[in-house]
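>>> Take this sequence and fold it.
(chains A and B)
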Amino acid sequence: MGTLLQIEGLTAFYGDAQALFGIDVALDAGELVAIVGANGAGKSTFMKSVTGLVKAAHTQVHFDGGAIGGLPPGEIVRRGIALVPEGRRLFPSLTVEENLAMGGFAKRRGPWTLQRLFKLFPVLEEKRRVPATALSGGQQQMVAIGRALMSNPRLLLCDELSLGLAPVVIREIYAALPSICAEGMTVAIVEQDVAMAQRVSRRLYCFQEGRVALHGDSGALTREQISQAYFGI
Amino acid sequence: MLLDVLLQGVLLGGLYCLFALGQSLMFGVMRLTNTAQGDFIVLAAFAAIAGLSLVAVGPWLVALALLPIAFGFGWLLQRHVLNGTLGHDPLPSLVVTFGLSIVIQNLLLELFSADPRSIDSGGLSTRSLELPGGTAVGVLPIVILATAVGATAALQWLFARTSIGRAFRAVSDDREIAELMGLDARRVYALATGIAFVLIALAGVLQAMRTTVAPSDGPLLLLFAFEAVVIGGMGSFWGTLVGALLLGVTQQIGFRIDPGWGLWVGHLVFLAVLVVRPQGLFPRTRG
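Numbering: from 1, shown residues only, chains lettered A, B, ... in the order given. Prediction:
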């Protein structure tokens, strides 16, 4: 199927501070790629640059053959990239169902509907009329994932799914990934837990201080290789 | 006697609610404090007065025609002027609307002179209704109260049950993430201000019918709007209505004690609420 997302020499700035120093990443359609790295390595900045929350140069990001760098976030969603933001960032004034409905604002066609989401995460159907932020951390993460899926993306970016969640809850969330990937969805996850990242992904990138320090097949990389890249040794 | 005071207070509060709803809406959706709220109300009143002098139709028709014009005016104002003032710093929007306030007052002074004007509601202001128990209430104040309650209910319904209301709440919660979903915040804001200006136009016309308007009335009307919103609590339209009614009642109580005390008692209650319960009586809790 070929390369879906091509990132070349991506740079990113927060004001005068440079956060990314020329990132090269390629994602093939249908694969699950993990991005690991220490805090401040630039993983979230990377995701924000791809989805338009941080300005990227136009040709640094190619999606499905077209340059999308610097486009407004709404436009990028319409083209089929969805982000599950770090920290969930649900809308507190909206119920679970309303949060999910907002995800569908871009009105892209596809298999993901409210009903299908409720099959994937049954607890959300039970709590559909509850204000979204009144749910537990794990349930909120399900809403955040669901909200991203409602836009029927071709590429799903998950920024720190396990942040602040108990291990048993994290396992439950990751158990849902196969059903999400089943229909050829391309997924990239940013994950603090390196072992988990290696386990669920086909390929892995390790960021270190705004650069790609290591990348390769998750099965082939050793813990030692990753540690060295992670800490910049 | 007490019933009469309460009744008059509630009816007065209806008008204050109309002053305050537009303010509550704009602040709720985009955290914008419209310092020119009162002046826009006065501007709308004078627009209606000017309209009446140009066209030989009844005041209610002019008022009706003014509503879509007000919507368009508010939409354009937000899109091309106020959207640029929004951001983390609340100061630009305060300064710009303050500037607008001054411009409007002076403009009206130039065009209309300082004389108070009013709109003849065609006898509605003198007609009254006999209530059981012998008290009489004016028909116009009842119409104003009914309009206020209707507008409050409509806004509440809009926010809670429609997709545009959902968009208002989402963009107010987290503009960045709302834009991530594909929402255009600038257009959503423009829509909100458009609606707020329809309410402003209603308030202006009814104020001119009930009493008089003069170019410099703006700041006092802004104060009433502000007090109603603060007493009632931010983020709730029913709260704004209750706050306005309370303000009206306390003012009426003050008037009865001494004619010079009316507004002052209202201000005292406002201050008391700020001290004892600064979030207002019915604040909407945010996650």
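
>>> mind listing what's buried in the host helix or strand of B:Val198?
With secondary structure defined by DSSP states H and E, B:Val198 is part of helix B:185-210. The neighbour-count criterion (16 or more other Cβ atoms under 10 Å in any protein chain shown) identifies B:185-186, B:188-210 as the buried residues of helix B:185-210. Glycine gets a C-beta too; all of them are placed from N, C-alpha and C.

>>> need the next SSE after it, C-terminal direction.
The element immediately downstream of helix B:185-210 (helix or strand, assigned by DSSP H and E) is helix B:218-232.

>>> so how far is the next helix or strand after that following helix from its chain's centroid?
Past helix B:218-232, heading to the C-terminal end, the next element that is a helix or strand (DSSP H and E) is helix B:237-257. On the basis of Cα atoms, centre = their mean, to the nearest Å, helix B:237-257 is displaced by 14 Å from the centre of the chain it belongs to.

>>> got the angle for the very next helix or strand once past helix B:237-257 vs helix B:237-257?
Using DSSP H and E, the helix or strand that directly follows helix B:237-257 along the chain is helix B:262-276. Computed by axes from the mean of the first three to the mean of the last three Cα atoms, to 10 degrees, the angle separating helix B:262-276 from helix B:237-257 equals 130 degrees.

>>> Just the residues contacting helix B:262-276, thanks.
Residues from elsewhere that reach helix B:262-276 (Cβ atoms under 8 Å, 6 or more residues apart in numbering or on different chains): B:224, B:227, B:230-231, B:246-247, B:250-255, B:257, B:280-281.

>>> For these, pick the one with the most neighbours.
The most neighbours of any of the contacts of helix B:262-276, using other Cβ atoms under 10 Å in any protein chain shown, belong to B:Leu247, which has 32 neighbours.

>>> if I read this right, that residue contacts B:Tyr16, doesn't it?
Yes. At 5.5 Å, B:Leu247 and B:Tyr16 qualify as touching, with contact defined as Cβ atoms under 8 Å.

>>> for the residue in the stretch 51-200 of chain B that chain A sits nearest to, what are its contacts?
For the stretch 51-200 of chain B, the nearest residue to chain A under the criterion Cβ to the nearest Cβ is B:Gly182, separated by 3.7 Å. The contact partners of B:Gly182, taken as Cβ under 8 Å, 6+ apart, are A:Pro73, A:Gly74, A:Val77, A:Arg78, A:Phe105, A:Ala106, A:Ser151.

>>> How many residues are close by the first one?
To tie it back to what came earlier, the one meant is A:Pro73. Using other Cβ under 10 Å, the number of residues around A:Pro73 comes to 22.

>>> Quick check: which of the contacts of B:Gly182 has the minimum pLDDT.
pLDDT across these is at its lowest for A:Ala106, which sits at 88.

>>> From the contact counts, what lies against the helix ranked longest in chain B?
The longest helix of chain B (DSSP state H) is helix B:2-30. The elements that helix B:2-30 packs onto, with contact taken as 3 or more Cβ pairs under 8 Å, 6 or more residues apart in numbering or on different chains; DSSP states H and E, are helix B:37-54, strand B:136-138, helix B:139-161, helix B:163-173, helix B:185-210, helix B:218-232, helix B:237-257.

>>> Just want the angle from the fifth one to helix B:37-54.
Spelled out, it's helix B:185-210. Angle of helix B:185-210 versus helix B:37-54, following the same axes, to 10 degrees, is 60 degrees.

>>> and helix B:185-210, what other elements does it pack with?
Where contact means 3+ Cβ pairs under 8 Å, 6+ apart, helix B:185-210 is packed against helix B:2-30, helix B:37-54, helix B:59-80, helix B:139-161, helix B:163-173, helix B:175-180.

>>> how about a cut-off of 6 Å?
helix B:2-30, helix B:37-54, helix B:59-80, helix B:163-173 (3 or more Cβ pairs under 6 Å, 6 or more residues apart in numbering or on different chains; DSSP states H and E).

>>> Same check on the first one?
The criterion is 3+ Cβ pairs under 6 Å, 6+ apart, and the helices and strands that helix B:37-54 contacts are helix B:59-80, helix B:91-112, helix B:185-210, helix B:218-232.

>>> Next, the angle helix B:218-232 makes with that helix.
Using the same axes, to 10 degrees: helix B:37-54 against helix B:218-232 is 130 degrees.

>>> still on that earlier bit, can you tell me which of the contacts of helix B:262-276 is closest to chain A?
So of those, ranked by how close each gets to chain A (Cβ to the nearest Cβ), first place is B:Gly280, at 16.7 Å.

>>> Now the closest one: closest residue in space that isn't a chain neighbour?
When the adjacent residues along the chain are set aside, B:Gly280 lies closest to B:Gly233, with 2.8 Å between them (Cβ to Cβ, 6 or more residues apart in numbering or on different chains).

>>> dump the residue contacts of that neighbour.
Residues in contact with B:Gly233, defined by Cβ atoms under 6 Å, 6 or more residues apart in numbering or on different chains, are B:Gly239, B:Gly280, B:Leu281, B:Phe282, B:Pro283.

>>> Redo those as TSV? Include pLDDT, secondary structure and distance to B:Ala178.
Shown next, in TSV, are these (pLDDT from 0 to 100; DSSP: H, G, I helix; E, B strand; the rest coil; distance: Cβ to Cβ, whole Å):
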residue	pLDDT	secondary structure	distance to B:Ala178
B:Gly239	93	helix	24
B:Gly280	85	coil	25
B:Leu281	85	coil	29
B:Phe282	83	coil	25
B:Pro283	79	coil	22
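
>>> can I get the residues you listed in JSON lines with distance to B:Ala63?
Formatted as JSON lines, these follow (distance: Cβ to Cβ, whole Å):
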{"residue": "B:Gly239", "distance to B:Ala63": "27"}
{"residue": "B:Gly280", "distance to B:Ala63": "31"}
{"residue": "B:Leu281", "distance to B:Ala63": "31"}
{"residue": "B:Phe282", "distance to B:Ala63": "30"}
{"residue": "B:Pro283", "distance to B:Ala63": "33"}
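
>>> Just want the angle from the longest helix of chain B to helix B:37-54.
Following the same axes, to 10 degrees, one obtains 100 degrees for the angle between helix B:2-30 and helix B:37-54.

>>> how far does helix B:2-30 sit from the chain's center?
With Cα atoms, centre = their mean as the basis, the mean position of helix B:2-30 lies at 8 Å from the chain mean.

>>> For A:Tyr230, give its distance to B:Trp157.
The span separating A:Tyr230 from B:Trp157 equals 53 Å under the rule Cβ to Cβ, to the nearest Å.

>>> neighbour-wise, which of the two wins?
Between A:Tyr230 and B:Trp157, counted using other Cβ under 10 Å, A:Tyr230 has the larger neighbour count: 19 against 12.

>>> Please settle this for me: is that one part of a helix?
Yes. The assignment for A:Tyr230 by DSSP: H, G, I helix; E, B strand; the rest coil puts it in a helix.

>>> which bits of the stretch 51-200 of chain B sit near chain A?
For the stretch 51-200 of chain B, the residues in contact with chain A under the definition Cβ under 6 Å from any Cβ of the partner chain are B:Arg166, B:Arg169, B:Ala170, B:Asp173, B:Asp174, B:Ile177, B:Glu179, B:Leu180, B:Met181, B:Gly182.
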